[in-house]
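A.B. asks: here is a sequence together with a model predicted from it:
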Amino acid sequence: MNTLPPRMVTKLKCLDSVRGIASLVVVLSHLSLVYFIYLHNIDGGKIPAKFPVKNYIHNSIFAFLYSGTSAVFIFFVMSGIVLSRGIEKKTDGYYYLTSFTRYFRLAIPATFSCLLMFVILFYISGSNYNLPGASE
């Protein structure tokens, strides 16, 4: 009796694993941006000599581990593959229903979080800014 999962399911689990690793690298990238700002070298300047370890890591192969840019690309490609494989053999009605429900499932929290941040930042700034359409 064969207890191993079908080959296609195993491949999707592998893709999900790559997605998980990529998302972990993105989280580490954000943490390194907070605590080790010279590793990212955003302004393109020379890393000060008092940080030789950061300079070595920045110019080494280890940059892949804390640079989230490539991990984001990998995550998006793997997500596209996994999501498209999930609806590959379904009917058109299923595709439209899934797209519709997915849009609202993602759009409502995103809209709410953007509005919440707008209100928070508006009150933190002291309401000194003129808003188009809302100002006198």
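C.D. replies: Ah, there it is.

A.B. asks: could you look up the SS state of residue 45?
C.D. replies: Secondary structure, DSSP: H, G, I helix; E, B strand; the rest coil: residue 45 is coil.

A.B. asks: please tell me how far it sits from residue 55.
C.D. replies: To residue 55, residue 45 is 12 Å away according to C-beta to C-beta, to the nearest Å. Any C-beta I mention is one placed from the backbone N, CA and C, and that applies to glycine too.

A.B. asks: same question for residue 102.
C.D. replies: Distance from residue 102 to residue 55, by C-beta to C-beta: 44 Å.

A.B. asks: between the two, who's got more neighbours?
C.D. replies: Ranked by neighbour count (other C-beta atoms under 10 Å), residue 102 and residue 55 place residue 55 first, with 17 against 11.

A.B. asks: which of the residues in the host helix or strand of that one are classified as buried?
C.D. replies: According to DSSP states H and E, residue 55 maps onto helix 52-58. Neighbour counts over helix 52-58 (16 or more other C-beta atoms under 10 Å) mark 54, 55, 57, 58 as buried.
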